[in-house]
Structure formats: structure tokens, C-alpha cells
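Asks: attaching a predicted model along with its sequence, questions to come.
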Amino acid sequence: MILAILHFGCFRPDADSEEVFHYNQQTPITSLDPAFAKSLNHMWAIEHVYNQLLDLDDSMKLVPEIASSWEILDQGLTYQFHLRNDIYFQDDTIFKPQSTRLLTARDVKYSFSRLIDKNLATPGSWVFAGKLRDSMPFEAASDTIFILHLKQPFSPIMQMLTMHYCSIVPEEFQKYTSRFVSEHPVGTGPFQLQKWLGKQGMFFKKNENFYLKGLPKLKGIRISFIEDRTSAYLEFSKGKIDFFSGIHSGFASDILDENGDLKRSKRRSISFYKNNFLNTEYIGINRTVLPPDHCLQNRLVRQALNFAIDRAQLIKVLRHGIGTPAVQGFVPQGMASNDMHLISGYEYNPKKAKALLDSAGYFGLQHGAEIKIYTNKDYLDIIQFVAGEWQKIGVKCAIELMETSALREQMRVGGVPVFRASWVADYPDEENFFAPFYSKNPAPPNYTRFSSINFDALYDKAVTETDYQRRMDMYRKMDSILISESPVIFLFYDQTAWFASSTIHGLKPNSLNILKLCEVYQTVRQQ
């Protein structure tokens, strides 16, 4: 059986035939349980197998998926969803004696109840934490009507329901262990798992029951787990892999020019997709663990450090043109509140940076003048660049390398005062980028332990505000507070870098960097 599947993964039929899409994941997938889909490599695989009540279009706007329509009732406390009555689960033995069945509201209720089950301790439980009515928050009113009850209005809840954590699984899963679910996914998505060969790879085949958006055009999907990015790129350049995501210094100059565009010599064989990615890269400052006389306790010093970085040069030299300077606050480009005309952030201005340091009395400090930045090896070059920029204006710097998991744990417990980090959107609402600075939130997400009465008041109002424009105004005020107080050093807004064989068609990059393959097809490579 394994030999047959491997042959299937490499099969290249005639031009008019369906194909197998082959891509690589640097980090192996460990679970296909959507309630545990906390990293991008898992989300991509979950996307192939499952659906949610709602989806997002290419511009990150809400569109129907399992739910065909909905109403918001009781001043934002009740959400009533009308489900489609023609969605079938993938064929599987769990539905004996039948091979499949229709999805119903009971499956939605079970899926959401499972997400908050304390016995499972799922990483996705935070989605509903503190938001649900105490009794019967999920209700299956009929086969096609599902009702969600909140204890108070929460404006981003619809966007949160598009997350992969909120994928709908069959009610039959309650008869099985969590391990069974993680290794034996059954969803309503365009593809279903055919074979999982551990760290060697995964194979998915077309779901013949998928009528949500028309049958997939691909015969199947193959995922490899080549951990070394340069090795994976070589496989892609040889045509053995159809799609490659991300850029690395080991091969960037081979494929991109100095402006961050695909080299002319590659354009016949490769398609390049660059798109805004809802990810803000930054350096966080946890002042609660700094001595009272440390220079970073002074707001003027934090502002000076922000003015001192030539972000455009950083992106050009170290990011090969992938990304944009973070000069409009913490909310990245691609979000409505990020408006260069309405928010004034930190442009490169070393002269102003020196003047702020002088006003803060930095150059007269006997103690607390050195800034030690903690980072992992993957971002060492970026932090070295930042430290170099700060040293140009007379700031003393040191860099401390830590293993990724150890650094994240120290950020959580407050063991590192200054650290490199990134914040990737879980859903496309600005609230997701302000939650890390809400004082009532623990770490994560509030790694900086930032606390502001004015910021918290705006946050509380924004998440219950139903008027879109008023909410955007509040979000911009919150970003202005972050710019002024500078609990972080803003670095850059990320962009996706997708590379595909020129035989691949129908790829549509999106701001959440999710690979959707339902409408993708492949043609034979021209010799």
C-alpha cells in the first residue's frame, strides 16, 4: 500500500488530467485535530480537511461557509446561524452502517463544546474564554440552526469563528480518544487524509463528497517534511516540489533580485506571490523586571530607540525586500485601522533620537545604560542590525542568544526584560493586535506587561462597539497610545513569499498566510 501511495504522490498525468500538489513543511505535523491547530504548519493541513461556520475571502471579508446566513440578536449577545443542509462528511467507518452523513447543528455544538472541555485542555480554548453565557452557551435549535450565546457583546467573535480551532468535527468523535482524532481526521473539507508516513510525509486525496465550493481540481496533496530550508529549496528548484513558502539567506540571492522581485531568469519556470501578512515583528520591553534606574524606564529613551532604526535598510539587506517598515504603529498593513494619514509613527530620524536621549539624560547615566536583547539564532542578524543602529547614536547594547522554546518560556514568566518577538494574527480584526497590551490579559499574550488606564478603557469600549467606524477610531487611538508609550520597538510588518512552479494555477495568497488548494490546478510543464 505504501508503494502505491508513493507512486500516486509522484504521478504526472496528461495536461487535461487532475494532479497531485506537492509542498514542503519545515516542521513535521504532529496532529490533525483542529482543536490543537496552534501553528501554521498544522493550520495548512487542517485547512485541507475541515471547514468552519464562516470563511474569509481574499480580502479578509467574512463569507458564508457551513453557515449560509446568520443574525445577530439581543444587542450582540446572541448569534443565530442557519446551516446549509447539503454538506456531507468525508466517507469513513465511524459512520457505520452508512459511509457518511449530513452535517447538523449538533456537530457544531459538539465541536465548540469540545474546544472548551477542560479535560482536553486544548490550546484553542482561549477562543471562547470569558466570552460565553454561563449556562447552555451552545444550542442546536434544529438540524440547521445553531445558536451561540455570549455573556456580553464581543465585536470580533465572527472573525474568531473562522479560525481553524473552530473547525467542525463529527459528533461521533465523542466515542473516541483525542489521539484517534489527531491521527484520524474526518471533516467536510476538499481533501481527506489518505496516508501518514510519520516524518516522511502525508498524502491527501480529493473528497468526492465536497460540494461546498465545487469539487477540487487536484487529485490530491503530498506534504514532505524536509527540515533544512536550503535542501527543500533545491528540491523545489529541481521541480520535485511544486510549491515553496518563505525566504532564507541561504538561497535568497539565487531567486530574488536586489529589489525583492523574482529574478528575470526564473520567471519562465517560477511564479512569485508576495502579499501583506498580518504579522508585526518587534522588540518587546517588560519594564516590570527592570531596575527602577534603568534607562528603558524613561519613555524618551524608548522613543529614541524607535527613531534610530533604518527599517527600510533592514528590510532591503536582511529581508531581501520582503516586508514593509513598521511606521504606523503595531497594527500591520492590510488592516483597516493602519492609515498613514491618520497615525504618525516612527520614521528613521537618528538626529531626533540623539536629541531625545540627551533630554532623557541618558549620556550621564552611571548605571542602567546597557540594553541586553534576548533573541534566538534565527533572528540574530536582525538584532545585530538593530544593535548596530543603536550603537551609532551612543546606546550601549548586548545580545543574548537563547533557544526558541526557552526564550518563549522566559517571556511568559517575565524572565527576560528585552526580547525579540512577533505577533501573528489569529483572525483579521485589530483587537487581535491590541490584546497583547490589555493589562487584564496574562502572558501570553501580554508579554510586555503593559498597563495603561486609557488604553484599557478604549479596549473595553472597542470590543463591545457595533458601529464599524467608531470602532476603527478607537483602534487608532489605542495604536497612538502604543506609539507614544513605546512598550515595544516597532521593526517591520511581514509579507508572505510564495513560490510555485509555473505549472501551478489558481493560487491566491492571503493576509493570514493560509494555503487554500480547493481551486488550484496544475498543467504539464512545458519542455
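Replies: Right, received. Where do you want to start?
Asks: just checking, residue 68 touches residue 84?
Replies: Yes. At 5.0 Å, residue 68 and residue 84 qualify as touching, with contact defined as CB atoms under 8 Å. C-beta: built from backbone N, CA, C; applies to glycine.
Asks: tell me what whichever strand in the chain runs longest is packed against?
Replies: Using DSSP state E, we find that the single longest strand of the chain is strand 270-285. Applying 3 or more CB pairs under 8 Å, 6 or more residues apart in numbering; DSSP states H and E, one finds that strand 270-285 contacts helix 380-392, strand 418-424, strand 488-501.
Asks: what's the most buried one of those?
Replies: The highest average neighbour count among the helices and strands packed on strand 270-285, using mean count of other CB atoms under 10 Å, belongs to strand 488-501 at a mean of 24.
Asks: and the very next helix or strand once past it, how far out from the chain middle?
Replies: Using DSSP states H and E, the next helix or strand after strand 488-501 towards the C-terminus is strand 504-505. Relative to the chain's own centre, strand 504-505 is displaced by 24 Å; criterion: CA atoms, centre = their mean, to the nearest Å.
Asks: from here on, call the first residue 322.
Replies: With 322 as the first residue, the last one maps to strand 825-826.
Asks: from residue 342, how far out is residue 841?
Replies: Residue 841 sits 6 Å away from residue 342, going by CB to CB, to the nearest Å.
Asks: have a look at these two and say which one is more surrounded.
Replies: residue 342 (27 against 22; other CB atoms under 10 Å).
Asks: quick one: residues contacting the more buried one.
Replies: Contact analysis of residue 342 by CB atoms under 8 Å, 6 or more residues apart in numbering lists 539, 541-543, 563-564, 825, 838, 841, 843.
Asks: partners of the longest strand of the chain, with directions?
Replies: Using DSSP bridges, the strands paired with strand 591-606 are strand 739-745 (antiparallel), strand 809-822 (antiparallel).
Asks: what is the orientation angle of the first one with helix 701-713?
Replies: Spelled out, it's strand 739-745. For strand 739-745 against helix 701-713, the angle by axes from the mean of the first three to the mean of the last three CA atoms, to 10 degrees is 130 degrees.
Asks: and if you look at the longest one?
Replies: Taking the same axes, to 10 degrees, strand 809-822 and helix 701-713 form an angle of 140 degrees between their directions.
Asks: tell me the mean pLDDT over strand 809-822?
Replies: If you average the pLDDT over strand 809-822, you get 96.
Asks: same question for stretch 647-664.
Replies: 89.
Asks: CA-only coordinates of it in CSV, if you can.
Replies: Written as CSV, here are the backbone C-alpha positions of stretch 647-664 (Å, rounded to 0.1, in the frame of the first residue of the first chain):
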residue,chain,number,x,y,z
ALA,A,647,6.6,49.4,10.8
VAL,A,648,6.0,53.1,10.9
GLN,A,649,2.2,53.2,11.6
GLY,A,650,2.1,51.5,15.0
PHE,A,651,1.5,47.9,16.0
VAL,A,652,-1.4,47.0,13.7
PRO,A,653,0.2,45.9,10.4
GLN,A,654,-0.6,46.9,6.8
GLY,A,655,-3.6,45.1,5.4
MET,A,656,-5.8,46.1,8.4
ALA,A,657,-8.3,49.0,8.1
SER,A,658,-7.0,51.0,11.0
ASN,A,659,-3.5,51.1,9.6
ASP,A,660,-3.7,54.5,7.9
MET,A,661,-0.5,56.6,7.2
HIS,A,662,-2.6,59.7,7.1
LEU,A,663,-4.2,59.2,10.5
ILE,A,664,-1.5,57.6,12.5
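Asks: ok so, going back, now the strands paired with strand 591-606 as a markdown table including distance to residue 704?
Replies: Below are those laid out as a markdown table (distance: least, CB to CB, whole Å):
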| stretch | distance to residue 704 |
| --- | --- |
| strand 739-745 | 6 |
| strand 809-822 | 10 |
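Asks: residue 603: which of those strands is closest?
Replies: strand 809-822 (4.3 Å; CB to CB).
Asks: mind checking how far the closest one is from the chain centre?
Replies: Centroid separation for strand 809-822 versus its chain: 11 Å, with CA atoms, centre = their mean.
Asks: could you do stretch 378-398 as well?
Replies: Centroid separation for stretch 378-398 versus its chain: 21 Å, with CA atoms, centre = their mean.
Asks: so which of the contacts of residue 342 are in strands?
Replies: 541-543, 564, 825, 843.
Asks: so which of those residues wins on neighbours?
Replies: Neighbour max across the ones in strands among the contacts of residue 342 (other CB under 10 Å) = residue 542, 27 neighbours.
Asks: thought that residue was touching residue 522?
Replies: No. The criterion here is CB under 8 Å, and residue 542 misses it with residue 522 at 10.3 Å.
Asks: stretch 649-667: end-to-end distance?
Replies: 7 Å (CA to CA, to the nearest Å).
Asks: cool, and stretch 712-719?
Replies: Stretch 712-719 has an end-to-end distance of 10 Å (CA to CA).
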